[in-house]
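Novice: coords please:
(2 chains)
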2 protein chains.
Amino acid sequence: MSTTTQPEGTLAPHRASTRGLAPSAPTPPWPAAPDTAGLVDVMALGRLLDGRWWQERRRARDLALDPAMQKVEGLPVAEHRERVLEQCRALARRRQVHRAFPAALGGSDDPGGNLASFEELAVLDPSLQIKAGVQWGLFGAAVLHLGSAEHHARLLPGILDLSVPGCFAMTEVGHGSDVASLATTATYDPAAEEFVLHTPVAAARKEYLGNAAEHGRAAVVFAQLITQGVNHGVHAFYVPVRAENGDGRLEFLPGVSGRDDGLKGGLNGVDNGQLWFDHVRVPRTNLLNRYGDVAEDGTYSSLIASPGRRFFTMLGTLVQGRVSLSGAAVSATKMALAIAVRYGLERRQFTGADEHSEVVLLDYQQHQRRLLPLLARAYAAAFAHHDLLDRFHGVFSGEHDTDEDRQDLETLAAVAKPLTTWLALEALQEAREACGGAGFMAENRLVGLRQDMDVYVTFEGDNNVLLQLVGKRLLTDYGREMAKVDIAGAARWVAARAADMTLHRTPLRRAAQSVRDTGSRARSAGHLRAAETQRELLEDRVEAMVAEIATALRPARKAGAEEAAALFNAHQHELIEAARAHGELLQWEAFTGALARVKDPSTREVLTTLRDLFGLTLIEKNLAWYLMNGRLSAQRARTVTSYVDRLLVRLRPHAADLVAAFGYTPGHLRATIASGVEAERQAEARAHFRRLRASGQEPINEKVLHASQQRSGLAAPAD
Amino acid sequence: MSTTTQPEGTLAPHRASTRGLAPSAPTPPWPAAPDTAGLVDVMALGRLLDGRWWQERRRARDLALDPAMQKVEGLPVAEHRERVLEQCRALARRRQVHRAFPAALGGSDDPGGNLASFEELAVLDPSLQIKAGVQWGLFGAAVLHLGSAEHHARLLPGILDLSVPGCFAMTEVGHGSDVASLATTATYDPAAEEFVLHTPVAAARKEYLGNAAEHGRAAVVFAQLITQGVNHGVHAFYVPVRAENGDGRLEFLPGVSGRDDGLKGGLNGVDNGQLWFDHVRVPRTNLLNRYGDVAEDGTYSSLIASPGRRFFTMLGTLVQGRVSLSGAAVSATKMALAIAVRYGLERRQFTGADEHSEVVLLDYQQHQRRLLPLLARAYAAAFAHHDLLDRFHGVFSGEHDTDEDRQDLETLAAVAKPLTTWLALEALQEAREACGGAGFMAENRLVGLRQDMDVYVTFEGDNNVLLQLVGKRLLTDYGREMAKVDIAGAARWVAARAADMTLHRTPLRRAAQSVRDTGSRARSAGHLRAAETQRELLEDRVEAMVAEIATALRPARKAGAEEAAALFNAHQHELIEAARAHGELLQWEAFTGALARVKDPSTREVLTTLRDLFGLTLIEKNLAWYLMNGRLSAQRARTVTSYVDRLLVRLRPHAADLVAAFGYTPGHLRATIASGVEAERQAEARAHFRRLRASGQEPINEKVLHASQQRSGLAAPAD
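Specialist: Modelled structure (predicted):
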């Protein structure tokens, strides 16, 4: 019995990592690579997947090869917190987290490269990612974007080198996604030239703040700015919260209190907690005053006159949280699929046609159905994320920084983050189930990653709230479009809409009709594979859904507030679904756009098949809509699923290459089942049974005995 | 600031439990009950939901009111294991787990009551449930069902009183759901009159066994029985594995080895591990010989001549695992929804039509969409489970114990467990997200429950494997039906099938047609609410899917093994979906059957609406199928979603009562957010702002100031 294939011991997070430090470039997946058609240029595809900041991305990912930077599953909360703090210090020492900050302060003015690098920290430990995100992406970024040069010079050095760990104190117990309703107040006292921070009620306590439970020395606190009897809305204040006491231990400063949030569903390396303030005073100059200032005498001034626009401009500077969480979710999705596909290519279960050989899991249609569409979605999400990151870099580098650019960026981030974070949870769960009991073992990482990623779907903006925002934006854009149309045009549009309900107006429809005439499934499948057909179906659905909601909401203009709110609420679900459809279309467009950048023809062909799988599973998911709205005939619709089935078979031989291109080696994944042990075990078992058969010592199977007795005329039982 | 509303401290699992021990009967949910229409007789509905063994169920549930029997979230693994072992001892002392065993041994020959009681242990701690399930439901049940009277007398007393904690050693590293392929051997040695248990390869190590890592003293080991050179297939053997050494510490017996599985995604109070055997000898009489025995000279004998039937008969006796896990999943689903609905009825977010008052979460359409269909599914699953449990009791009490009864029971369990365990995960996740950041805190229990329930979808039979089994049974039954039909009948059937593809053959279709003619959505909705319409749509789909797969598989009869396997595989996904549809139909039937048992007319009306929501969301989910197969016209299909929307609005006022009837009080749920703290906090905040407005000290909002400046002719910024 080989003992190397079955290491002993209770907790063994380091096991897989000792299998050698893998290089950062994508390589054929692992020593005993299973069958692959070899048509994919894994290196080139890996480069494409890692995008514009591929070097930053790989460098960050390779930090995970250092055992000191890895997550240890199952550490007690206190130890996990300390470990992650120490890992953050290591990041600061390596200047790994300074890239977005000004060169003058040791950064490199590279917002895009910074996020690309940050997104890969999920490979090390999502707790480390979030703790780093709190310190440099939220606390530090708030000082950078909402503060002035004086704040940068005074506050950023301590933030960058982590001598001042800090909190981003926005969310309150009573208000999460609804930031405008925060109840903490910052009242200006002109006599002392100080702001008085105060928590009037328990619902106003700051909640779920990273660094609040233990390590935070300061906080950027969002509060209603009140001066001269006027509330100017939510502004950000720099507030020291803890300092060392005589024993060198951190203690709350006078007037500041807190509570430890304790154990969470995941991310337990982050010390989340509450903070609240009892008339805590800070100097006037601690107001982060880029978008609103208070003079010594208490006079308020702002570059942005409208309080509403000012609020959204301030919040808009913090969009990087959503952008980067979306990217982190893509990383986690890729890890989940790399683990499950590799295991699915090794693990065998139940004999097939040949009774001496069991079937590889990924040869089962159901297993392909479970994993390959998720693989297509991972690619689509990765390519869409590149577009988002490009746009983010454009705005924050100042290259493309108009109001419209910022609004577009915010809308794109608001639709990207829900789709990718939900995808990550879905992929992690399906991967865990596809790996059976092994998937449930902490050493195989899927359960730990899922626990950590869980909260990504509700923090930095609840996913449903974000999609509703996007839906509203779609309605507004649609209204603008409609406003441009002259009256005759509007009439034409209405007539077209009416026809739409019963007739089919797209070229597609004509194709469908001809299919129905000939009854050929193969021909229709060819049409569905055409990129223009997929685009038209996806676009058409978004447009028609938005138009339908807009039409339904029209009476709201003339209705009272209550009636209008009720009408809007009656279409909330549809609106959220329209936003989701919009996001999926963007992903499809990004995937299609990426195909053009693939030089190798056979790689492009495989990738085009994967894109088709993405497009057709989207259409399959919403098939009822296409049928009800006359976009597909029943006969044509029936071809969608059978075509998806064919794509699965076509992609199966490339599954190993498609996950190898993610660039996560066994050293990055640190999942025992993705390290080749299953194949070793099977080889041992096969050799044993071969030897046994050859030895003549193999016992006869009772069934075989019965059969031979039957043949020889002896009585044998019926089955 | 009230401090009672915000208890301090890091981990506070006992917080909610100190709010008083709730009585076992369902009561109006909690002190500050939100608006409820009061049309539901909560007490009577609770009695119906708790079913035939309601007293056993409630008694078990109330054990959760004892702090010593509760899960403490976040305990280190070692402490959690010790705590759960101690809790198991408490269960044994209370004879809580003996109900299924013979009266002669201290049990009460009550298999149904035993499972009802067992299912509620998830309320205490799912680890306790599983540890108890391993000891009495698997290890003990194997001795009971596979052993003879001699085994009962010799072995059961130590199992019942937990002086012999044991393992159920079936699964191996290499084989989980495929039990027939186990590789552990038990070879009979007539000279010594002993069996020699042996693990020939690493893949044959017994894996994921509860009690294996620490506490197990014995195991029921499943191994290939070999005697006189013949392998008689998998049989069960009683094997001592650990005994106390000189220091009183448990140590492996000679030849036995093991490995601790270490940290898992959940259930960390259970000490799962591996066991393997190096020529371990046990007396011949340790073969559990009810279905197969070996005489002293090595002659094999069995009451069941066919090895295949014998194998399935032996496995069939262990069906209670699946039945009870399915019931446990229903309990967890109910807990998840009780927590999320209660919070959704208190928590408010974003102002609505009235700008001084925020909207209750459950008044948002999307929130209703997220939770209320799950509530309908929880009811359907609960009622279906009662039917399953009745049938289980019939078989195992001997009241209805034919071969056919057993086969039906196994098929029902195989379809119930996948549906309910996936439902539990879906409900727990949606509940967690619907509670936002609070849902992610361990003190609110949703994340911990989800982590524990995760493995229920792959253990005791992987859900996909089970559904495939059910699908095969559907095909077999269909084949039998077809065989009965004479040739003329077959021809008619084929003709009907052909017509079916393009035409509509049900009365429903005529109704749809008349709707299309009048164009009235309201009228069509009335039809969809008719129980016969829902039943016909759901039945029709199952039948048509099975028939379609059977037709597609017909060529397999004449094909070679490889071709036949490929053809079957090409329809695997459809077959699994057909099995799922069958299970959903059973749930719908059970829900509809339960309505007749509701005496109070207004309760029945509310419950009928909930059943309609269940039926229509099923139809909505599969709308594309109904459209493609001509069961619904496009126009009629469009009414389904709008009708679902109306049902949500109609059910909203009963949400509090519908979860109250589950009978889980705050003392059972132990979730801070389901204990009324949110309402207290809001009351405090409202009172504060009311006082502030009354005092004349409230600052003016800048927006209001601008507006008044505009009115008085002063310059004000445009928004």
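
Novice: mind saving the C-alpha coords of the helix or strand where residue A:49 lies as PDB?
Specialist: Using DSSP states H and E, residue A:49 sits within helix A:42-50. The C-alpha trace of helix A:42-50 is given here as PDB (Å, rounded to 0.1, in the frame of the first residue of the first chain):
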ATOM      1  CA  VAL A  42      -2.900  27.100 -23.400                       C
ATOM      2  CA  MET A  43      -0.100  29.700 -23.000                       C
ATOM      3  CA  ALA A  44      -1.600  32.200 -25.300                       C
ATOM      4  CA  LEU A  45      -5.100  31.700 -23.900                       C
ATOM      5  CA  GLY A  46      -3.800  32.200 -20.400                       C
ATOM      6  CA  ARG A  47      -2.200  35.400 -21.400                       C
ATOM      7  CA  LEU A  48      -5.500  36.600 -22.900                       C
ATOM      8  CA  LEU A  49      -7.400  35.600 -19.800                       C
ATOM      9  CA  ASP A  50      -5.000  37.500 -17.500                       C
END
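
Novice: Tell me which other helices or strands that helix touches.
Specialist: With contacts taken as 3 or more Cβ pairs under 8 Å, 6 or more residues apart in numbering or on different chains; DSSP states H and E, helix A:42-50 sits against helix A:54-62, helix A:601-621, helix A:655-660. Using the backbone N, CA and C atoms, a C-beta is placed for each residue, glycine as well.

Novice: tell me the average confidence for that helix?
Specialist: Helix A:42-50 shows an average pLDDT of 97 in the prediction.

Novice: Let me see the contact set for the residue lying closest to residue A:420 once chain neighbours are set aside.
Specialist: Leaving aside its sequence neighbours, residue A:420 sits nearest to residue A:329 (Cβ to Cβ, 6 or more residues apart in numbering or on different chains; 4.0 Å). Counting by Cβ atoms under 8 Å, 6 or more residues apart in numbering or on different chains, residue A:329 touches A:381, A:417, A:420-421, A:423-424, A:453, A:456.

Novice: got it, and residue A:376?
Specialist: When contacts are counted by Cβ under 8 Å, 6+ apart, residue A:376 is found next to A:610-611, A:613-614, A:617.

Novice: now it, nearest residue through space, not along the chain?
Specialist: Counting by Cβ to Cβ, 6+ apart, the residue nearest residue A:376 is residue A:614, at 3.9 Å.

Novice: For that neighbour, report the pLDDT, please.
Specialist: Reading off the per-residue confidence, residue A:614 sits at a pLDDT of 98.

Novice: Same check on residue A:14?
Specialist: Per the predicted model, pLDDT is 33 at residue A:14.

Novice: And residue A:345, by the same measure?
Specialist: At residue A:345 the predicted local confidence, pLDDT, stands at 95.

Novice: So what angle separates the directions of the host helix or strand of it and helix A:54-62?
Specialist: Following DSSP H and E, one finds residue A:345 within helix A:320-346. Taking axes from the mean of the first three to the mean of the last three Cα atoms, to 10 degrees, one finds that helix A:320-346 is oriented at 70 degrees with respect to helix A:54-62.

Novice: now helix A:320-346, how far from the chain's geometric center?
Specialist: 8 Å (Cα atoms, centre = their mean, to the nearest Å).

Novice: Check stretch A:568-583 too.
Specialist: Its chain's C-alpha centre and that of stretch A:568-583 lie 20 Å apart, by Cα atoms, centre = their mean.

Novice: sorry, back to before: mind putting the contacts of residue A:329 into a markdown table with pLDDT?
Specialist: Written out in a markdown table, the entries for the contacts of residue A:329 read as follows (pLDDT from 0 to 100):
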| residue | pLDDT |
| --- | --- |
| A:381 | 98 |
| A:417 | 98 |
| A:420 | 98 |
| A:421 | 98 |
| A:423 | 98 |
| A:424 | 98 |
| A:453 | 98 |
| A:456 | 98 |
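
Novice: Quick one, which of these are buried?
Specialist: Buried members of the contacts of residue A:329, scored by 16 or more other Cβ atoms under 10 Å in any protein chain shown, are A:381, A:417, A:420-421, A:423-424, A:453, A:456.

Novice: I'd like the contacts of residue A:329 as JSON lines, with secondary structure appended.
Specialist: Below are the contacts of residue A:329 laid out as JSON lines (DSSP: H, G, I helix; E, B strand; the rest coil):
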{"residue": "A:381", "secondary structure": "helix"}
{"residue": "A:417", "secondary structure": "helix"}
{"residue": "A:420", "secondary structure": "helix"}
{"residue": "A:421", "secondary structure": "helix"}
{"residue": "A:423", "secondary structure": "helix"}
{"residue": "A:424", "secondary structure": "helix"}
{"residue": "A:453", "secondary structure": "helix"}
{"residue": "A:456", "secondary structure": "helix"}
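
Novice: tell me which of those residues is nearest to residue A:465?
Specialist: Distance from residue A:465 was checked for each of the contacts of residue A:329 by Cβ to Cβ. The minimum falls on residue A:417, at 10.9 Å.
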